[in-house]
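**Q** For reference, the sequence and a predicted model appear below.
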Amino acid sequence: MKNKHLISIAMGLLLLGCTKENIETSPTPNSVALTASAKFLDENANPPYPPDYGVRLLNKNYNDSATACQPGEGLFMCTGVFLRTVDNGNFNPWEPSPSAIALGSSSFTWLRKDISTNTLYHRAGYIRTNPVDAHGGGGGTFNWSGVNCIYPFDASTLGQTRGHNGCDFQNTKSAQANPAPANASPSQGYEPWGSCDKKLGYTTASQWNEFYQSNGMANNTQCSWSGNTASQWLAMLSSHESFAKTGWNEILVPTVSAWEPYFIFGFFYDTNKAGARADAQAFQVKLSALGRRFPIYSINFSAPASQRFSYSAADQVAYP
């Protein structure tokens, strides 16, 4: 059965009248026109969170060390900051690359105070609103949910042959690996599947750690967690902190193509990387062309955790 949250999204869209990924290659442009339901969402979800509230919410979520959301939910549902890093190229930053469409997964990163991360794959990108905040009112998006799987570290999924939408080991294929249609909607998510729990039968971080060490701590040999329980997210977090590495985790999310702009909370850039601010500004301008204007936030991995995210009016070029 599909993730219950994805089913609820599909029903909601019908009621509204609906008739690594780390990008290294330019995606195929997507010029899909807004559907009637998308226009409804755009009119009723904008404007997004005010910047002063938005930056407080980001820092609150970043510093939230909750160990559970609702029963049967992954921790991303109510805590942490969910983001995607992307290069600035001749494409829209929310569009998936051809490899992400073929895989059926796009790569994201989940940040929280208790995950030692001080750098990201790219210097800028966008942030997704977590579902609890989206339901809280005043948000600039509607609910999204579901992950395909989670890895404690970057698993080098880009360009690899991996079954189960990138969640199996390298050089594997599976009937459960579903390529994403170019216009995939949130209802076309996939059943969470992790090679740690589904293939190896693991239930603890210590088992993951032993497996990782037995493979020379090579990131491309990690096993993945399904990520649909809080315990699996805590295992991912624990394993990340068990090794002297401060890189990013990799969260594979169903590729939803044309719907991705409606999940955006805002853009971000890493203050410690040259050229990052200009990338975020370019992303902001590109989204404003769709009539959606969202703030740019900065992230400073050298700042205290309570001030990890900031907002400056000087960073904005197409907001408000």
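**A** Done, it's in.
**Q** what ranges do the helices span in the chain?
**A** 4-15, 36-45, 51-62, 98-103, 131-135, 163-166, 205-214, 230-241, 276-288 (DSSP state H).
**Q** Now the weakest link among those helices, please, by mean pLDDT.
**A** Ranked by mean pLDDT, the helices of the chain end with helix 4-15 at the bottom, a mean of 36.
**Q** Any chance of JSON lines for the helices of the chain, columns distance to Asp154 and mean neighbour count?
**A** Yep, even glycine has a C-beta here, placed from its N, CA and C like the rest. Shown next, in JSON lines, are the helices of the chain (distance: least, Cβ to Cβ, whole Å; neighbours: other Cβ atoms under 10 Å):
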{"stretch": "helix 4-15", "distance to Asp154": "25", "mean neighbour count": "16"}
{"stretch": "helix 36-45", "distance to Asp154": "32", "mean neighbour count": "15"}
{"stretch": "helix 51-62", "distance to Asp154": "20", "mean neighbour count": "19"}
{"stretch": "helix 98-103", "distance to Asp154": "15", "mean neighbour count": "21"}
{"stretch": "helix 131-135", "distance to Asp154": "25", "mean neighbour count": "19"}
{"stretch": "helix 163-166", "distance to Asp154": "12", "mean neighbour count": "26"}
{"stretch": "helix 205-214", "distance to Asp154": "13", "mean neighbour count": "16"}
{"stretch": "helix 230-241", "distance to Asp154": "11", "mean neighbour count": "22"}
{"stretch": "helix 276-288", "distance to Asp154": "19", "mean neighbour count": "20"}
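**Q** Phe153: which of the ones you listed is closest?
**A** When the helices of the chain are ranked by distance to Phe153, counting by Cβ to Cβ, first place goes to helix 230-241 at 6.7 Å.
**Q** What is that closest one packed up against?
**A** strand 149-151, helix 205-214 (3 or more Cβ pairs under 8 Å, 6 or more residues apart in numbering; DSSP states H and E).
**Q** Redo the ones you listed as JSON lines? Include distance to Gly80.
**A** Output for those, formatted as JSON lines (distance: least, Cβ to Cβ, whole Å):
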{"stretch": "strand 149-151", "distance to Gly80": "12"}
{"stretch": "helix 205-214", "distance to Gly80": "17"}
